[in-house]
Structures are given as C-alpha cells and as structure tokens.
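> Fold the following, please.
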Amino acid sequence: MRRFMDADLRGAEFRECDLTGARLVGVLLEDAVIEGQVTNLVVNGVEVMEYVDAELDRRHPVRRLLRSDDVHDLRRAARELHEQWGATAQRLQRSPGLEHRSVHDEWSALQTLRHLVFVHDSWFRRCCLGSDAPFTPLGLGIDGIVAEEQGLDPAADPTLEDVLAIRAEQTAELEDWLGEVGAEQLGQPAPIPDNDLWPPYARGRSVRQCLGTMLRETFEHHGFCVRDLDLIEQPAGD
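Predicted coordinates for the structure are as follows:
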C-alpha cells in the first residue's frame, strides 16, 4: 500500500485509478468531487452509498428499470434513454459547434456519441446478437484499444449528423430486438463469437448482463454529457 503522510494533494486529479481499499484518515476534504463505480464508502463511520443510491434513484427513476430483469421494464428503460438522448441531440443541433467543446479533459458530446456507437456494436451486437462483423468505423473506443483491430477508423472525423444517423439505426435495432426477446433468452449465455473483438472479459456473462452493460453505459454517458454541456453553457461568473 502506498502511504502519503502530511502530503499536499490540493487540486490533485485521480483519473481511471483503482482506489479499492483506500483509507483517508485525518484528512481535510473540502469541495471534493467523486465520480465512478463507488461501493461500500464509509465517511466518518457511516456507510453512505445507500443514501447516495436512493438520491440517484429519486433524480433518475430510470435507474430502477435498468436494474430490473423484467423485459417490460427494460423496454421502458430503453425508450426513456432514447428520449433523453433525443432531447440532448436537439440541444446540440440548436448550437452548432457545441458538440465539439469539452471541459476538464473529458470527451466532447460528439466523442461521447461516437463512443456509444462502439458500445452498441460491442456489448449489444457482438454480445447479445452474436455478430462477428467489424465495428462501425466512426465508433470511438476507450484508451488501450487498438482501433484498427476492432474495425475502427482512428482518422474518422464524422459530423454530428453522421453520428446521430448511426445512433438512430442502432436504437431502432435495439427496440426491434427488445420487442421480441423473452426472459428465457435473456438468461442464456451471451452468444459471443470466437474472435478477438471487444470486450474480452464478457465471456461467461448472460445476455441480460451484456444488455445491462450497454444500457448503463448509455445512461451514464448521458449524465456525463449533460453535466459538461451545463458547465459549458453556464453564464460567465456563475
């Protein structure tokens, strides 16, 4: 375990770090922001994630649907996510150029949408449908992925309308599938092809688990995108 004693970490940024088991003792922690996969977080002797999750469910009722194994709930969740992203797409279209702007070294809205193209291809088409086709070239993977090996074009420079058109096709594909899938199929092992496309760690998961990953990514990235758009568009001085 690394230990920091009497260290000045004001303004430090921890990005994509594994802090499992970290202990912060006798610290001064003011105006801090924590975003990520957080469980069993104890603050001054109180496990706080139950309260955090309850508040997030209150703000975003679709989270409850995303946790459900009922196919009707999952259909509702997919529709609600589609509507939320549709409203954000209209927001971007009203302000040309906004889709390229970013804050705090995060992805721009356009990059986020391109990443969701990749998420759909990998977690839904590959893991739920069993497709062995290369991924959509304009998709955007995460750091560490060799783009060309996944069928991605690292030089791609699509417009917002290009990406929205692809996302519309993917959304329609998902809705058609959800309209026919049943609980038995959701519980079956994911029909992942025997090749090296992403994600390598999905083997052994069920169709429901892979679908859940895709839907959660769609939800979480919408939250990130709206958060950053609000920061970009907030009046100067606020």
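
> May I have stretch 202-214 exported as CSV, CA atoms only?
The C-alpha coordinates for stretch 202-214 follow below in CSV (Å, rounded to 0.1, in the frame of the first residue of the first chain):
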residue,chain,number,x,y,z
ALA,A,202,-17.7,-10.6,-21.5
ARG,A,203,-17.3,-14.4,-21.9
GLY,A,204,-19.4,-16.3,-19.4
ARG,A,205,-21.9,-13.5,-18.9
SER,A,206,-25.6,-13.8,-19.7
VAL,A,207,-27.4,-11.9,-22.5
ARG,A,208,-29.1,-9.9,-19.7
GLN,A,209,-25.8,-8.9,-18.2
CYS,A,210,-24.4,-7.7,-21.5
LEU,A,211,-27.6,-5.8,-22.3
GLY,A,212,-27.4,-4.2,-18.9
THR,A,213,-23.8,-3.0,-19.5
MET,A,214,-24.9,-1.4,-22.8
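
> does residue 92 sit in a helix, a strand or a coil?
Under DSSP: H, G, I helix; E, B strand; the rest coil, residue 92 falls in the helix class.

> quick one: pLDDT of the most centrally placed residue in the chain?
For the chain, the residue sitting closest to the mean C-alpha position, by C-alpha atoms, centre = their mean, is residue 217 at 2.6 Å. For residue 217, the pLDDT comes out at 97.

> Find the helix or strand that it is a member of.
In this structure, residue 217 sits in helix 207-233 according to DSSP states H and E.

> Could you give me the buried positions within that helix?
With burial defined by 16 or more other C-beta atoms under 10 Å, the residues of helix 207-233 counted as buried are 207-219, 221-222, 225-226, 228-229. C-beta coordinates here come from the backbone N, C-alpha and C atoms, glycine included.

> Quickly note the distance from residue 197 to residue 87.
Taking C-beta to C-beta, to the nearest Å as the criterion, residue 197 is separated from residue 87 by 32 Å.

> returning to that earlier point: can you give me how far the helix holding residue 217 is from the chain middle?
Averaging C-alpha positions (C-alpha atoms, centre = their mean, to the nearest Å) puts helix 207-233 4 Å from its chain's average.

> How about stretch 128-136?
Between the mean C-alpha position of stretch 128-136 and that of its chain there is a distance of 19 Å (C-alpha atoms, centre = their mean).

> Next: stretch 54-72.
Using C-alpha atoms, centre = their mean, we find the averaged C-alpha position of stretch 54-72 to lie 15 Å away from the chain's own average C-alpha position.

> same thing with stretch 129-138?
Here stretch 129-138 shows a centroid-to-chain-centroid distance of 19 Å under the convention C-alpha atoms, centre = their mean.
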